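J.: coords please:
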Amino acid sequence: MKKLTLFPMLLISAVFIFLASCGVNDAAEMTVKWDSDNGGTLEVMNASNKDIVLFHGQVPAKASIIGGVRAYTTKDIDISKYVSDFAVGGYIILRGMSREEYDDNALNLAAAKVEFNAFATYGAGKRYRVTIDYNYTGDNAVRITNRGRVGLELRKNSPEGEKVAYLPALQVNQMLYTQTTDAITLFPFYVLYNNSTQTITTLKATSMTESVMAVPRPASNPSGINTVYFPNDETDSWEKIVGSLKSPVAYITVSNNVMNQAAYFTNAGSLRYRSQNDYDAIGSGEQLTFEVEAADEEQGGIQKSLIAEFYNGVVRVPVLFDGETDPPVIENGYDYTVSINGSGSDQSNFSAKIVKGKKRDLSDQLTSL
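T.: Numbers count the residues shown, from 1 in each chain. Below you'll find the predicted structure:
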């Protein structure tokens, strides 16, 4: 929930009117905060060549500005200033437009070109990272509609590909901008948020037939822009899709209790997993959740050689169930917790114990968005 008061909003409106009357076309410099927030939990990496003005919520408005990020820089944003349930946790939709678009459309932001779309979670002590990608801030476009009742993240060219856009439930005609007119294959990545547990469940495509190949075309010619729809099969009702969905991953929450050392969470010491909030390592005293591909319960799960690495791999700590020496059997759809403890540089002084939790109830989570 927004915490902006009436007086600041009237002041911002007055600034816009003053700038327009004076012929000044730099509203972004006067009305947008570009400096990083001390203690901000949302990290925004701008890898594009444009200064980007950010908003929270589906429709950009003056009341929903959360700041700006200069080209090729990273900024922390304090989400607690814009929501009322920060201590509990939740998620927000993020939108972004170039500084030029903001300046040109300051008095009518609905007409501005929105080039950045994402979602982020928040909560006291919880960090989240998003990236503004240069490749998706261009002058070519694809028009996308989400026919489903759950938020949809799109991945490029594979279910594990880079994130290119986020569409809320039932979002119609959202534009995805690109630098080139090369065809791209888009895979759906359904995003569910459980308000009771403050956890994300993501359900990725498991078949090529769930993907859609799209061809970006010049945005200057709206009638020539390709329109694509998700889910791909228009005869599928959302109830039918939900009934067939299974979590293709296990959700493993790892706590690093080792003083003064971050840890990599890896598969057999080779593949380094990235957390749900896109971090590559677990800081000292930090807790992160990872999505690990396993096997379904009906198949008996699968043994996973999960290893926590310290000192860049010099110390390798196997993740084990208490009292066992074999790698743990992991089942898709279940929550697991791992607690890493230890000190020094002797591997024998370290341990990483895993505990199996409950299976996630997808039908329950669908009502949380």
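J.: and this protein, what are its domains?
T.: With domains defined by automatic domain parsing, the chain comprises 6-244, 249-365.
J.: the stretch 1-150 of the chain: helices as residue ranges?
T.: Using DSSP state H, counting those that start in this stretch, the helices found in the stretch 1-150 of the chain span residues 6-22, 27-31, 99-104.
J.: tabulate the domains of the chain (TSV), appending mean pLDDT.
T.: Formatted as TSV, the domains of the chain follow (pLDDT from 0 to 100):
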stretch	mean pLDDT
domain 6-244	85
domain 249-365	93
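J.: pipe those into JSON lines and attach mean neighbour count per row.
T.: Bear in mind the C-beta positions are built from the backbone N, C-alpha and C, glycine included. Output for these, formatted as JSON lines (neighbours: other C-beta atoms under 10 Å):
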{"stretch": "domain 6-244", "mean neighbour count": "17"}
{"stretch": "domain 249-365", "mean neighbour count": "17"}
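J.: can you tell me the element Val355 falls in?
T.: Assigned by DSSP states H and E, Val355 belongs to strand 351-359.
J.: contact partners of that strand?
T.: 252, 297, 306, 308, 317-322, 328, 331, 333-342 (C-beta atoms under 8 Å, 6 or more residues apart in numbering).
J.: give me the subset of those lying in strands.
T.: Taking DSSP state E as the definition of strands, the contacts of strand 351-359 contribute 252, 306, 308, 317-321, 334-341.
J.: of the residues you listed, closest to Ile77?
T.: Nearest to Ile77 among these is Ile252, at 27.6 Å by C-beta to C-beta.
J.: who's that closest one bridged to?
T.: With DSSP bridges applied, Ile252 shows beta-bridge pairing to Phe290, Tyr336.
J.: now do the contacts for the residue nearest to Asp76 when sequence neighbours are not counted.
T.: Excluding its sequence neighbours, the residue lying closest to Asp76 (C-beta to C-beta, 6 or more residues apart in numbering) is Gly40, at 3.3 Å. Taking C-beta under 8 Å, 6+ apart, we find Gly40 in contact with 75-79.
J.: likewise Ile93?
T.: 56-58, 117-119, 166, 168.
J.: distance to Thr202 for the residues you listed - can I get that in a markdown table?
T.: Converted to a markdown table, these look like this (distance: C-beta to C-beta, whole Å):
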| residue | distance to Thr202 |
| --- | --- |
| His56 | 21 |
| Gly57 | 22 |
| Gln58 | 20 |
| Asn117 | 16 |
| Ala118 | 14 |
| Phe119 | 11 |
| Tyr166 | 12 |
| Pro168 | 15 |
